[in-house]
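Enquirer: sequence first, then the predicted structure:
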Amino acid sequence: MSLTDDLYRDIILEHFKNPRNLGRVERPSVISHGANPFCGDELELTMALEGNLIRDIQVQPKGCSISQASASMMTEALKGKSLQQAEEMARRFKAVMLEGAKLEESPEMEDLQALEGVRKYPVRIKCAILSWNTFLEGLAAHRKGEKEASHVEGEEGPRPDLAHLLGEEKGNAGSSESARPAETTPEEQVREALKGVIDPELNLNVVDLGLIYGIQTQDGSVKVTYSLTSPGCPLGPVIKGQMQSVLGKIHWIKEVQTELIWNPPWDPRTMASEEIKTELGIW
Ligand code: ZN
């Protein structure tokens, strides 16, 4: 990790630990709710407007460090700005995150440069832009004379077609099974095979992500307890299908049972491998 990455990480963590403008404004002119089901981030944004000016803006965020830090930085940048200036800043920030535009030097957007590093982790980009999209949605509602708005990440475009992932092309782990040394336990064999199960959203395997909570084997049957990255995750059937597929290639397995559980909720900070945490941009 470079010096710049370290510096950026410090700025992000500093905002995460000491969020600015945390709470809810009194008598809000605009209330906007945002959700990012890809990560489980949520926030409520409230603004008090005075004419065309953002007199006060506050957020109540829940979720990962990047989404919360970005929300904190956003409130700092937008407070006191006119709605047009604020909209322009939101569009500029989104262009940086989504199109790789450069964030020009301006004091109020200084901390936001720390989030440019997040671009390296595509799955975190939605975390970083959630609060800004929630703001833009609130602004659009306000211009229509409405007070409340909501925004959900991922609803603006079509979802990728995931059907092909149900097939066998990803299930390559079973092929190395015959080469496994004799002392490998059945549980280890199952765990190794499950590394061939890829969460399509993150493009990482479920074992290293920490999504496999338990493996029990008895005679020819195996039971796998697992979780998903968020309760809103639409990929449950895809992952289950992949598990059946890779485990079906192990010769002694006659029966595969899978059980999806949400308790404890998946937390990459404690459950994922170190490599994966780096990959996900979690520190
Ligand atoms: Zn997030």
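Expert: Noted; the coordinates are in hand.
Enquirer: what are the boundaries of the helices in the stretch 51-200 of the chain?
Expert: Taking DSSP state H, counting those that start in this stretch as the criterion, the stretch 51-200 of the chain contains helices spanning 65-78, 83-99, 113-116, 122-143, 186-194.
Enquirer: tell me which residues of the last one are tucked away?
Expert: Applying a neighbour-count criterion of 16 or more other CB atoms under 10 Å, the buried positions in helix 186-194 are 186, 189-194. To be clear about C-beta, it is placed using only N, CA and C from the backbone, and glycine gets the same treatment.
Enquirer: likewise for stretch 84-101?
Expert: Across stretch 84-101, burial judged by 16+ other CB under 10 Å covers 85-87, 89-90, 92-94, 96-97.
Enquirer: now do the phi/psi pair for K277.
Expert: For K277, the backbone dihedrals are phi -60, psi -40 (criterion: degrees, to the nearest 10).
Enquirer: from the buried residues of stretch 84-101, which is closest to the ion?
Expert: Out of the buried residues of stretch 84-101, the one with the shortest distance to the ion is M97. That distance is 13.0 Å, counting by CB to the ion.
Enquirer: residue contacts, that closest one?
Expert: For M97, the contacting residues are 115-116, 118-119, 125, 128-129, taking CB atoms under 8 Å, 6 or more residues apart in numbering as the criterion.
Enquirer: cutoff 10 Å now
Expert: With contact set as CB atoms under 10 Å, 6 or more residues apart in numbering, M97 has these partners: 70, 103, 112, 115-116, 118-119, 124-129, 132.
Enquirer: and it, what pLDDT?
Expert: According to the per-residue confidence, M97 scores 91 in pLDDT.
Enquirer: equivalent analysis for K17, please.
Expert: At K17, the predicted lDDT confidence score is 89.
Enquirer: surely it touches I11?
Expert: No - the pair K17 and I11 fails to qualify as a contact (CB atoms under 10 Å) at a distance of 11.1 Å.
Enquirer: who has more neighbours, the two?
Expert: Neighbour tally, K17 and I11, criterion other CB atoms under 10 Å: the higher count belongs to I11, 19 against 11.
Enquirer: look at that one and tell me its secondary structure.
Expert: Assigned by DSSP: H, G, I helix; E, B strand; the rest coil, the conformation of I11 is helix.
Enquirer: and stretch 201-219, how far apart are its ends?
Expert: 34 Å (CA to CA, to the nearest Å).
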